[in-house]
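>>> any chance you could fold what I've pasted below:
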Amino acid sequence: MKEFFNATQMSEDTVTSFWCRGDAILEKTFEGGQLPRPRAKKELMCERLWSGIP
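Numbers count the residues shown, from 1 in each chain. Reported below is the predicted structural model:
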C-alpha cells in the first residue's frame with residue numbers, strides 16, 4: 001500500500017499510464033489479501049486519481 005500512496009504521476013505519464021500503474025500495484029495488494037473487498041480497489045483508484053494528479 002505504501003508503494004501505491006507514494007506513486008506520483010511522472011512527466012512522461014499520461015493519465016492512462018498513471019492509472020494502469022496504480023491498478024497494477026493495487027492488484028498485487030488485492031491478490032495478497034491486503035484489501036478487504038474488491039470494491040476497495042476501485043474506491044482507492046478513484047480517490048488517488050483525483051488527488052494525485054498534479
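>>> what is the burial count for residue 15?
Using other C-beta atoms under 10 Å, residue 15 has 10 other residues around it. Every residue, glycine included, has its C-beta placed from N, CA and C.
>>> same deal with the one 3 residues further on?
A total of 18 residues lie near residue 18 under the criterion other C-beta under 10 Å.
>>> and residue 40, how far from residue 11?
Note on residue 40: its distance to residue 11, by C-beta to C-beta, to the nearest Å, is 30 Å.
>>> the two: which is more packed in?
Under the neighbour definition other C-beta under 10 Å, residue 40 and residue 11 were set side by side, and residue 40 has more, 14 against 5.
>>> what's near enough to touch that one?
Neighbour list for residue 40: residue 30 [criterion: C-beta atoms under 8 Å, 6 or more residues apart in numbering].
>>> wait, what's in contact with the most centrally placed residue in the chain?
The chain has residue 22 as the residue nearest its centroid, 2.9 Å off, counting by C-alpha atoms, centre = their mean. Residue 22 makes contacts with 4, 7, 45, 48, 49, 52, as judged by C-beta under 8 Å, 6+ apart.
>>> give the buried subset of those residues as a PyMOL selection command.
This is the PyMOL syntax for the buried subset of the contacts of residue 22, where burial follows 16 or more other C-beta atoms under 10 Å:
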select buried, resi 4+45+48
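>>> and of the contacts of residue 22, the nearest to residue 28?
Using C-beta to C-beta, residue 4 comes nearest to residue 28 of those, at 9.3 Å.
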